[in-house]
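[1] Quick one: sequence plus predicted model below, questions after.
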Amino acid sequence: MLVCGIDVGSRNVSTTILLDGAILSNCVITSSEEGATIARKVVIEALAKTEFKFTDIECTVATGCGRNSVPFANRQSTEVVCQAKGAFHLFPDARIVINLGAESSRVMRLNSEGKVVAFTKNDKCAAGSGLFLETMSQLLAIPLESMGELSLKADGCEEVSSICAVFAESEVISHIHKGVPKQYILVGIHKAVTTKIMELLGLVGVNKDIILTGGVAKNQAIVHELEQKIGANVFVAPEPQIVGALGAALIAQETIQDRGMPSVKRL
Amino acid sequence: MLEEFENYRVAHHQEAKDWKSKTGGKVLGTLCCNVPEEIIHAAGMLPVRLLGEHEPTTEADLHLPTNLCPYCKSWFDQVLKGKYDYLDGMVIPNVCNIIKASYGFSKYLFKLSYVHFVDIPQSISPEGVEFFAKNIMDFKKSIEDFSGKPISDKALRHSIDVYNENRTLLDKMYTLRKKYPSVLSGSEAQSVVISSMLMPKEEHNRLLSRLIKDMEKSDKALEKRVSLFVSASILDDTDFFKLIEECGGNVVTDDMPMGSRYFYGLVDSKDEPLHALAERYLTKIACPRKMLPADRLAFSVSRMEGANINGTIIHSMRACDPHLYEYPLLRQEMEKQGLPVLFFRGEETATEREQQKSDIEAFIEMLQDQME
Amino acid sequence: MVQSTSAKKSLQTTLEVPVLRRKYYAQTLDDSQKGKKVAWCSNNIPSEILDAMDVTGVFLENYATVIASKRLGSGFCAAGEKVGFSQDVCGYARMLMGYVLAKNDAPEAPYGGLAKPDFLLVSANSCDSRLGWFSAMSSVLNTPLYVYDSPSQPDGASNSLVVAEHIETELRNLISFLEKQTGNKFNPDKVRRRMDISRQTSEIMYEISQLRKAVPSPMGSADMFTAVWPSMYLSGTKECEDFYKRLRAEMEERIARKIGIVPEERFRIMWSGIPFWYDMQLINYVENFGGVVALESFYRVRERRIPSQHDDPIKDMALTAVRQHGYPSGISGSIEDLLEAVEEYKINGVILSYNPSCRMLLISQTELQKALEDRGIPTLGLECDMADERTYSEGQVKTRMDAFVERLLAKNS
């Protein structure tokens, strides 16, 4: 049985293909192209590494903010449910899933069966999301990928106290002008972002067994700061950007099983 | 049948104007469910609730700062834009910092010959009722001066009966809907309640009695939907409930000022009228500006009796002081009842719809997933 | 490390206030230790009654400004937000909710923290946020709450006789609540004595308000925002009265010797709204340009207090309360009041603070600003919370102050 999950986010589009319940292939593309085109592209690319072709897919479930723009999807599912499902599949002990995407951050609490029992999302404010880190990366002229590593090496910190992304920006600019070492500012930025995440966690209830998903999870400084603040280990999904797509693919598989549809022939 | 309520709600400005030209009576704008409308009714006037619109405020921005309750700013904007030019006056109760201040603003900015302030005490006690009864007496005198005619005891008692009938009918509609949600959707019920705040009460009673008969006979098949309880500050139209319905949910009951809080509790028709009005309006209306959390939460929970609820959506207008303080306690209480909670801090603008939609979809999917 | 945020004061007498305040908070902790009942109160709870009932009052709005002035606001606010208090909610309330809810993640509380309350007292008619705040707090602390209903109605809307009667009833109810809670007997003579002192103090405060009209300014807001403290929290004590006598004397001397806040006073500013407690030095900023913030909107005593009318102090207190609530709360009254102050105090420009989390003051600011500009009085609107320093961008605020000062100087030259 070949099923597909697609996560059309505001920055990345990712897919996971499952073959009889096991991950066959993944693919992530960063693009600003229109959803329908890019969705097909990402699936084809994922399949290119395999012996299957597009028409072999029995069921596709789309998630992410662009989930309604995938014409070949059999059904849609929300990020909350897909992220949780994907994370629970990877970590069966997961109780809290923190998904840090480009535009939104959300926290889900799961029960022992992996079902979401509560979730919360960041306010309209941009501080605390991936886009904020991106803006900061441009401001400091430090590549997004190196921000975490540089910050971890810093031996000092310059606080960024504003809660508003716009204010934080002007605060960072004034730090730069004062000649504060960039890595100190980075530490401040990461602290500010994790403070926001902690607010969300507070609303859902902090627990053990916390899984981090989404692009921002690749930033080690964020992981480190979170662990410091929570006082417990935080587990990062091996490929944090595909967790939503994985969850969607798992739903696709359940959909077929529920319908009792026969698995298609193997090539 | 339902269209009659909905059409009236949508065309309420025109309807009020028509009523005026037909009867020659006066129309008074009111705010919140704390104004004893019976006084206005007994004077032969039509009370109408001021509503906002999902359009950007322009005129109000010249006079009011940004970070205010979007509902208040919106109705204010509507008045300044001339949409309420048929009003003969306004009655403003003391229900929150903003509405209270709007009394001074209304006198200062709107060209109205009559603006009256009804103070509401913050002590729900016999002494509070007595003080409030005196305020209602002042209100009655002021209406009499404005109309030039005294309000007879008989007229006031009659108005109390008409209003009590409306409350009884609305309550019956809610009871039926809680039991058989498919008979009347959340947005339909809301349309009925809001139209009650705009329409002459006798007319509303007549239509509502018919609707209830229809509901009792209805054989609509039970459609399986996620059933929700909505606890909200102000939702002045049906859009939010419709959005919930689009996402696969249905609101089966609520504790809102523009919902069940409006009609909960009868005025004791055997008591002296002003005292009876004070008693009902002060002690029965579960408004967080005067009622303490324990009683408020008990009211919210009691609104769910007889319904099979899967989850709660709490919606507070942004910058709505009375409701925002209560939210953490309310959330706790709902979770204690075993109900997952989704919270919104809302605006009056249509632009937030997409954001809300994605959250409601996730919430409903989560609830469905749990129900499986 | 906490940098100093307090304004530079010009008067010697004002410097006594921090000492008095520290002493007051130490006293409350001491009282609590000795078994005196402690009430956490909102403003507008009459301290004369607390004193007569032998109850120690701790005023939370004041403590919130103490926290804010030490720049600890954000730490406590965050703790309050974590349990769901929205950032829209009053900064003071969020901080104090944070204070009672915080475990080990909040900053260390100033003055060694607050004495634990035996009950809470709130009067919320002039600001309904207080009811939400205190009732939430009472639930969290599982401590009794008493709501003292003291109607404050917009100008022209009240039937003052009915209101005075109701306030009298409510005051008596407050007393019986306190009698039940403490087991103490109410002592009317004690209240009478304190009210007499309050009245005399109020007379001095009225004279101080008159003296502030002098040019150059004998006392600006940098001093007054601090100097007003005893009148709010030590009202009716000899200590308080003597303080204002000394303050008046110092002002009279400065006037006689023509000593101003700046060597050569070039312009006078009025501050409308709550200041930003975490950066009170902002008030001194205009002094660099020869300006002085000569007046603020709240603390001007506009009229003499009415003489005692009754033998019964509670009846008198109720009448005074109605009068005090008559303070302009409707927009047209506020505009008149502001224009009158500008005229009488020779004000050249007005800074209006827009405190987004204090709706009851915020709502008037746009219209007030408009009324001033319509009459050619330069204004500057600054939108920052009074307590939560995360809403503050020092650079932006100073840039706008510079432009405002330039405009004033150009107009006055």
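    Received the coordinates, thanks.

[2] Residue in the stretch 101-250 of chain C with the shortest distance to chain B?
    Using C-beta to the nearest C-beta, the closest approach of the stretch 101-250 of chain C to chain B is made by C:G132 at 2.7 Å. Every C-beta, even on glycine, is put in place using the N, C-alpha and C of the backbone.

[3] residue ranges for the helices of the stretch 51-200 of chain B, please.
    B:70-80, B:97-109, B:126-147, B:153-179, B:186-196 (DSSP state H, counting those that start in this stretch).

[4] possible to save the ones you listed as TSV with mean pLDDT?
    Formatted as TSV, these follow (pLDDT from 0 to 100):
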stretch	mean pLDDT
helix B:70-80	95
helix B:97-109	93
helix B:126-147	96
helix B:153-179	97
helix B:186-196	97
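
[5] Minimum distance to chain A: which of the ones you listed has it?
    Comparing those by C-beta to the nearest C-beta, helix B:70-80 comes nearest, at 13.5 Å.

[6] Mind listing residues that contact the closest one?
    Outside helix B:70-80, the residues that touch it by C-beta atoms under 8 Å, 6 or more residues apart in numbering or on different chains are B:29, B:31, B:50-53, B:57-61, B:63-64, B:84, B:87, B:98-99, B:102, B:105-106, B:109-110, B:233-234, B:236, B:317-320, B:346-349.

[7] Would you mind listing which of these are buried?
    B:29, B:31, B:50-53, B:57, B:60, B:63-64, B:84, B:87, B:98-99, B:102, B:105-106, B:109-110, B:233-234, B:236, B:317-320, B:346-348 (16 or more other C-beta atoms under 10 Å in any protein chain shown).

[8] From the residues you listed, which land in strands?
    Among the buried ones among the contacts of helix B:70-80, the members falling in strands (DSSP state E) are B:29, B:317, B:346.

[9] now, among those residues, which is nearest to chain C?
    Chain C has its nearest neighbour among those in B:M317, at 9.5 Å by C-beta to the nearest C-beta.

[10] Next, find the distance separating the closest one from B:H12.
    Look at B:M317 and B:H12: by C-beta to C-beta, to the nearest Å, they are 21 Å apart.

[11] next one: C:N412
    Separation of C:N412 from B:H12 (C-beta to C-beta): 53 Å.

[12] same thing with B:G249?
    Counting by C-beta to C-beta, the separation of B:G249 from B:H12 is 27 Å.

[13] Which one of the two is surrounded by more residues?
    Neighbours were tallied for B:G249 and for B:H12 using other C-beta atoms under 10 Å in any protein chain shown; the higher tally belongs to B:G249 (25 against 18).

[14] by contact count, what packs against the helix or strand hosting A:Y184?
    Element membership of A:Y184 [criterion: DSSP states H and E] is helix A:182-204. If contacts are counted by 3 or more C-beta pairs under 8 Å, 6 or more residues apart in numbering or on different chains; DSSP states H and E, helix A:182-204 sits against strand A:96-100, strand A:105-110, strand A:116-121, helix A:130-140, helix A:144-153, helix A:165-177, helix A:220-230, helix C:73-82.

[15] What is the subsequent helix or strand relative to it?
    In N-to-C order, the element after helix A:182-204 by DSSP H and E is strand A:210-213.

[16] Which residue is the nearest non-sequential neighbour of the closest residue to chain A within the stretch 1-150 of chain C?
    The minimum distance from the stretch 1-150 of chain C to chain A, using C-beta to the nearest C-beta, falls at C:K82 (3.5 Å). Leaving aside its chain neighbours, C:K82 sits nearest to A:G202 (3.5 Å; criterion: C-beta to C-beta, 6 or more residues apart in numbering or on different chains).

[17] which ones are touching that neighbour?
    For A:G202, counting by C-beta under 8 Å, 6+ apart, the contacting residues are C:81-83.

[18] which residues sit in contact with the residue of the stretch 101-250 of chain C closest to chain B?
    For C:G132, the contact set (C-beta under 8 Å, 6+ apart) comprises B:288, B:321-322, B:324-326, C:89, C:93.

[19] doesn't it fall inside a helix?
    Yes - C:G132 forms part of a helix when assessed by DSSP: H, G, I helix; E, B strand; the rest coil.

[20] State the phi and psi torsions of the residue of chain B found nearest chain A.
    Closest to chain A within chain B is B:A362: 3.8 Å, counting by C-beta to the nearest C-beta. Torsion angles at B:A362 (phi, psi; degrees, to the nearest 10) stand at phi -60, psi -40.

[21] So, low pLDDT: which residues of the stretch 51-200 of chain A?
    Scanning the stretch 51-200 of chain A for pLDDT under 70 picks out the ranges A:123-128, A:163.

[22] Return the residues of it in contact with chain B.
    A:65, A:77-81, A:115-121, A:123-124 (C-beta under 8 Å from any C-beta of the partner chain).

[23] Check the burial of the closest residue to A:V3 other than its chain neighbours by counting its neighbours.
    What sits nearest to A:V3 in space, not counting adjacent residues and going by C-beta to C-beta, 6+ apart, is A:A252, at 3.7 Å. Residues contacting A:A252 under the criterion other C-beta under 10 Å number 29.

[24] can you check C:Y285 too?
    17.

[25] residues in contact with it?
    For C:Y285, the contact set (C-beta under 8 Å, 6+ apart) comprises C:398, C:401.

[26] again, only this time at 6 Å
    Counting by C-beta atoms under 6 Å, 6 or more residues apart in numbering or on different chains, C:Y285 makes contact with C:M401.

[27] Confirm that it sits in a helix.
    Yes - under three-state DSSP, C:Y285 sits within a helix.

[28] Show me what the helix or strand C:E343 falls within is packed against.
    Element membership of C:E343, judged by DSSP H and E, is helix C:331-344. Contacts defined by 3 or more C-beta pairs under 6 Å, 6 or more residues apart in numbering or on different chains; DSSP states H and E place helix C:331-344 against helix B:97-109, helix C:359-374.

[29] what does it contact?
    For helix C:331-344, contacts defined as C-beta under 6 Å, 6+ apart pick out B:104-105, B:108, C:155, C:213, C:328, C:364, C:367-368, C:371.

[30] Dump the helices and strands packed on helix A:182-204 into a markdown table; add mean neighbour count as well.
    A markdown table is the format used below for the helices and strands packed on helix A:182-204 (neighbours: other C-beta atoms under 10 Å in any protein chain shown):
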| stretch | mean neighbour count |
| --- | --- |
| strand A:96-100 | 27 |
| strand A:105-110 | 25 |
| strand A:116-121 | 22 |
| helix A:130-140 | 20 |
| helix A:144-153 | 17 |
| helix A:165-177 | 18 |
| helix A:220-230 | 19 |
| helix C:73-82 | 25 |
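
[31] SS state for C:G376?
    Counting by three-state DSSP, the backbone at C:G376 sits in coil.

[32] Contacts only, for it.
    Taking C-beta under 6 Å, 6+ apart as the definition, C:G376 has no contacts.
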